[in-house]
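Peer 1: coordinates only, no sequence provided:
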């Protein structure tokens, strides 16, 4: 079988056989009626009409692709009626026999329908996981039945378009098929409702609506933990469900914002700019333009102080979600770049590997160091060549340049030195297979006797260092701003 594959699932109820042509059987219960029809097939077959499943089948056959399976779902509460009169009445309404009548009728091509190959028609009867009969009015039990059976069909036909005909059967059967079918197939599941007065089924948006809320909740949860990459993949994989009933254009803006956040969280400011350069500010009649422009401007031409603030906010975010190993890496990055900024503000000249001036260079010209009379205590007297940059050299150079200008930066040096234990812990972790706990951070920050709650002081301490160097606070987290915008974008439009 090639091309598009289709599956059709139909809940079978007492209205799935037209009663008018079978008037003499109308006083019988559903089980007995089906038994009579099967026993006198030649008599009743020409009079069989399928007012619900027939309409659904005609519609599905008119859509592109091959119908691989038509599944009839029926109730069967055992071979013998219960002693209780009320339960016996419910037992008489079981549609297991009706499903067999419909299966045989479809294979024969009744009611003007094309004959279907018998092997493509299946009958499922609702049962528990042990195969025992299940009450078709038990919502949880019926739902669990579908949750067991439908995944097997999904694995057998992984690319199929799936139609869920939910008109017949009990309310529990309708709910179970909708909920489980939406969970298994997502937006590939199309719910069909058959109205008795209309020939064409109504294709419901129910599956999309069922998916939209949990998908948006998952996207919000990813964003709240700064996992913007996962949130972006979720949006792209389930766009139609997530975008359902949103303001027109909101999904495209959401995609751009998530891409911006993903890049920004990884300090890819060029990518963060590029994500917002696609003209999405015009969408939604420009209602998000001010927010998008503000995000773009923050990364458009950031100076070194602004980029150091990005490192601070990245560290704070990682601490907030307990990513302590990544947090240590950002603390080390913050400390070293704080030293570098102090040096640059006082005239330091760094060079790249080609000897060209570069504020982010990993070396310092020996000739320049000699011009400012700087000698690092670990340098050998006869050593020649440009000097490699490291944390200790930057610290010493910053102090030397400050002293030449008559500045006293001892308090700032002490504050930065308080991060040394964390930087050392980061270096130790890199060379081992050990993990990092909150208590490890606390001990590295305040000493071996430190309570783990002392770790909560690290981020505020970094903010104080930033303010002392730059002259202003690092400001509010850009990720709080981004997440507030995401929340606005995934909010449904008001419906008339």
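Peer 2: Thanks, I have the structure now. Model, not experiment: these values are computed from the prediction.
Peer 1: which residue packs closest to residue 128, ignoring adjacent ones?
Peer 2: Excluding the flanking residues, the one nearest residue 128 by CB to CB, 6 or more residues apart in numbering is residue 134, at 5.4 Å. From N, CA and C alone the C-beta is placed, and that goes for glycine too.
Peer 1: same check, this time on residue 36
Peer 2: Distances taken as CB to CB, 6+ apart place residue 25 nearest to residue 36, at 5.9 Å, with adjacent residues excluded.
Peer 1: tell me how many other residues surround the residue nearest to residue 128.
Peer 2: Residues near residue 134, counting by other CB atoms under 10 Å, number 20.
Peer 1: kindly report the same for residue 404.
Peer 2: Residue 404: 13 surrounding residues under other CB under 10 Å.
Peer 1: that one reaches residue 372, doesn't it?
Peer 2: Yes: counting by CB atoms under 8 Å, residue 404 touches residue 372, with 6.8 Å between them.
Peer 1: please tell me how far the residue nearest to residue 128 sits from residue 287.
Peer 2: Between residue 134 and residue 287 the distance is 50 Å, computed by CB to CB, to the nearest Å.
Peer 1: and the longest helix along the chain, what's buried?
Peer 2: Taking DSSP state H as the criterion, the chain has its longest helix at helix 324-345. By neighbour count on 16 or more other CB atoms under 10 Å, the buried set for helix 324-345 is 324-345.
Peer 1: so for that helix, what's the average pLDDT?
Peer 2: Averaging pLDDT along helix 324-345 gives 97.
Peer 1: tell me where the stretch 201-350 of the chain has helices.
Peer 2: Using DSSP state H, counting those that start in this stretch, the helices of the stretch 201-350 of the chain run over 206-224, 228-237, 239-242, 250-265, 269-275, 289-300, 304-320, 324-345.
Peer 1: which other helices and strands contact the second one?
Peer 2: Contacts of helix 228-237 with other secondary structure elements, assessed using 3 or more CB pairs under 8 Å, 6 or more residues apart in numbering; DSSP states H and E, are made with helix 206-224, helix 250-265.
Peer 1: any chance of the ones you listed in TSV, plus distance to residue 92 and mean pLDDT?
Peer 2: Formatted as TSV, the helices and strands packed on helix 228-237 follow (distance: least, CB to CB, whole Å; pLDDT from 0 to 100):
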stretch	distance to residue 92	mean pLDDT
helix 206-224	30	88
helix 250-265	50	97
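Peer 1: right, and the ones you listed - which one's nearest residue 45?
Peer 2: helix 206-224 (34.4 Å; CB to CB).
Peer 1: report all helices and strands that the closest one contacts.
Peer 2: Judged by 3+ CB pairs under 8 Å, 6+ apart, the packing partners of helix 206-224 are helix 171-185, strand 189-193, helix 228-237, helix 239-242, helix 478-489.
Peer 1: and the fourth one, which residues are buried?
Peer 2: Going by neighbour count (16+ other CB under 10 Å), the buried part of helix 239-242 is 239, 241-242.
Peer 1: redo those residues as a markdown table? Include distance to residue 126 and pLDDT.
Peer 2: What follows is those, written out as a markdown table (distance: CB to CB, whole Å; pLDDT from 0 to 100):
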| residue | distance to residue 126 | pLDDT |
| --- | --- | --- |
| 239 | 34 | 92 |
| 241 | 28 | 87 |
| 242 | 32 | 92 |
